[in-house]
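**Q** here is my input, please return the structure:
(one chain, ligands or ions: 1)
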Amino acid sequence: MRVINFNAGPAGLPLPALERAQKEFVEFGKTGMSIMEHSHRGKDYDAVHNEAIALLKELLDVPETHEVIFMQGGAHLQFSLIPMNFLPKGKSADYISTGHWSKMAISEAKALSSIVGDVHVPVSTEVDGKFTRIPKQDEIHVDPNAAYVHYTSNNTIYGTQWHYTPDVGNVPLVCDMSSDFIWKKFDVSKYALAYAGAQKNIGPSGVVVLIAKKDFINSGRSDLSKTLKISTYMEKNSLFNTPPTFAIYMVRNVLSWVKDMGGIDAIHARNMKKGEILYGALDAMSDFYKSPVEKDSRSYMNVVFRLPTEELEAKFVAEAKENNMVGLKGHRAVGGIRASIYNAVSVENIEALVSFMEKFKKANS
Ligand SMILES: *Cc1c(COP(=O)(O)O)cnc(C)c1O
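**A** Numbering: from 1, shown residues only. Now for the predicted structure:
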């Protein structure tokens with residue numbers, strides 16, 4: 001029996017994408033083998049690989065100026081590769097700090113200070129070691145000569161999310177979209193580079209998706225090994241070396257499900273409804289459940305809240321599990337409860353959670 005999965009990542013996948021994989025697992029098509037056993041240079045895998053890329057381009061209206069790239073090493077490797085490729089010595093890059101992963105991107109870039117340029121933080125919303133909000137546009141003063149501006153569109157741990165694209169003038173905009181990639185359509189043309197580890201919203205772990213402006217990628221430094229140059233992966237259609245073929249196959253299945261659901265606008269409408277139901281419940285029961293996040297910064301992917309005591313929080317997690325709901329424990333850095341409600345989570349799943357929350361409150365207050 002499948003549970004209602006509120007895991008933060010790796011996260012729940014849409015059942016139709018899993019069932020399709022189950023059906024095709026031992027023999028892919030009429031090829032006599034699993035997709036995992038195919039050569040990454042063969043026509044059967046090639047069709048899957050190109051279908052995944054084409055689906056993403058179609059679903060997001062990716063313009064001709066941009067390319068889809070698959071890489072490995074997760075979002076973490078991008079924290080290093082982005083400065084290595086695009087932050088030459090003598091220049092600086094602006095990193096907007098809104099949470100744990102922003103800080104990780106900053107510290108990884110700074111760790112490379114002997115080979116890359118400087119890292120500046122034009123704005124941070126950290127107060128007493130915590131983040132509860134996204135900065136307003138008028139708080140963001142980027143250096144017009146910066147190599148790029150980096151930000152994190154959704155703060156997975158703190159439960160905050162950008163509900164606008166920061167205006168950074170002509171400076172290339174780079175974004176870690178790991179935990180809200182394709183939760184909603186975005187204007188790809190505004191970004192020099194958007195990247196996302198797949199394991200939150202579009203597939204299993206093992207692959208990271210980049211949507212990159214070709215000119216930006218080609219402007220990267222050339223004195224790196226092929227493996228460390230992002231341009232290599234773009235030139236080779238993400239087939240420079242053996243890609244994570246099964247993970248990309250699963251991304252294909254998930255994107256094909258998104259298309260069957262009516263595309264990203266339909267997924268977005270469903271996500272808005274989910275968020276409204278869950279935040280509506282938190283607001284209605286605010287004498288018991290407390291959201292630490294400022295209202296206009298609320299994340300529609302990771303909903304965090306506190307109960308009156310830590311003992312009650314532990315009881316909440318345990319009883320939710322007895323009711324078939326898992327993954328609700330907050331990140332160890334912040335505690336509390338976190339419901340990760342990515343694209344694969346349904347409105348019915350949220351209704352089940354809210355009804356459990358109502359019962360739990362009644363029994364414990
Ligand atoms: C999960 C997460 C990461 C880390 O991703 P890995 O693929 O494990 O490197 C980075 N950024 C954000 C916003 C995340 O949610």
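**Q** need the helices for the stretch 151-300 of the chain, in chain order.
**A** With DSSP state H, counting those that start in this stretch as the criterion, the stretch 151-300 of the chain has helices at 214-218, 230-235, 245-260, 264-284.
**Q** what's the closest of those helices to Glu126?
**A** helix 264-284 (23.4 Å; Cβ to Cβ). The C-beta positions use only the backbone N, C-alpha and C, and glycine is treated the same way.
**Q** list of residues touching the next helix or strand after the closest one?
**A** Proceeding N to C from helix 264-284, the next assigned helix or strand is strand 302-305, under DSSP states H and E. Contact with strand 302-305 is made by 8, 154-159, 179, 275, 278-279, 282, 289-293, 330, 334, 336-341, as judged by Cβ atoms under 8 Å, 6 or more residues apart in numbering.
**Q** direction included, what does strand 302-305 pair against?
**A** Strands adjacent to strand 302-305 in the sheet, as given by DSSP bridges, are strand 337-340 (antiparallel).
**Q** among the contacts of strand 302-305, the buried ones, what's the PyMOL command?
**A** Per 16 or more other Cβ atoms under 10 Å, the buried members of the contacts of strand 302-305 correspond to this PyMOL selection:
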select buried, resi 8+154+155+156+157+158+159+179+275+278+279+282+289+291+292+293+330+334+336+337+338+339+340+341
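**Q** one step back: quick one, which of the helices of the stretch 151-300 of the chain is nearest to Tyr164?
**A** Nearest to Tyr164, of all those, is helix 264-284, at 15.1 Å by Cβ to Cβ.
**Q** helices and strands around that closest one, which ones?
**A** Applying 3 or more Cβ pairs under 8 Å, 6 or more residues apart in numbering; DSSP states H and E, one finds that helix 264-284 contacts strand 302-305, helix 347-364.
**Q** same list, those, but as JSON lines with mean neighbour count please.
**A** Shown next, in JSON lines, are the helices and strands packed on helix 264-284 (neighbours: other Cβ atoms under 10 Å):
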{"stretch": "strand 302-305", "mean neighbour count": "26"}
{"stretch": "helix 347-364", "mean neighbour count": "16"}
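**Q** what's the closest of those to Pro204?
**A** Counting by Cβ to Cβ, Pro204 lies closest to strand 302-305 out of these; the figure is 18.9 Å.
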